[in-house]
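Undergrad: sequence unknown, structure follows:
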């Protein structure tokens, strides 16, 4: 019994493990480099398409809202409360 377990363990531990993917993925680096290095007047943070434009707009909106809210809270904290 011990011999069988020992032999099985040797077979399992002797196998090579591979972490490579079963399917080959197309290399898109050259196409992306060409897209981002193209001199077309579009800022690099918007060259990714509509998703980049949406993320940029959302970031700008949150930044403007957050800045306005901070200024409002600073003024509110600076003004003394009127006691009745």
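TA: Perfect, thanks for sending it. Note that the coordinates shown come from a computational prediction; the quantities given were computed from them, not determined experimentally.

Undergrad: Tally up the residues packed near residue 35, please.
TA: Applying other CB atoms under 10 Å, we find 13 residues neighbouring residue 35. C-betas here are computed from N, CA, C, even on glycine.

Undergrad: residues in contact with residue 63?
TA: Counting by CB atoms under 8 Å, 6 or more residues apart in numbering, residue 63 makes contact with nothing.

Undergrad: mind showing which ranges of the chain have poor pLDDT?
TA: 1-6, 9, 11-22 (pLDDT under 70).

Undergrad: What segments of it are helices?
TA: In the chain, the segments counted as helices under DSSP state H are 2-14, 29-37, 50-78.

Undergrad: export the ones you listed to TSV and tack on distance to residue 84?
TA: Compiled in TSV, these are given as follows (distance: least, CB to CB, whole Å):
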stretch	distance to residue 84
helix 2-14	81
helix 29-37	62
helix 50-78	18
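
Undergrad: Look up how far residue 24 lies from residue 70.
TA: For residue 70, the distance to residue 24 equals 50 Å [CB to CB, to the nearest Å].

Undergrad: Between the two, which has more neighbouring residues?
TA: Neighbour tally, residue 70 and residue 24, criterion other CB under 10 Å: the higher count belongs to residue 70, 10 against 7.

Undergrad: Which residue is the nearest non-sequential neighbour of residue 38?
TA: Of all residues not flanking residue 38 in the chain, residue 47 sits nearest, at 7.7 Å (CB to CB, 6 or more residues apart in numbering).

Undergrad: Could you report the neighbour count for that neighbour?
TA: 15.

Undergrad: and if you look at the one 5 residues further on?
TA: For residue 52, the neighbour count with other CB under 10 Å is 15.

Undergrad: Would you confirm that it contacts residue 43?
TA: No. With contact defined as CB atoms under 8 Å, residue 52 does not count as touching residue 43 (9.4 Å).
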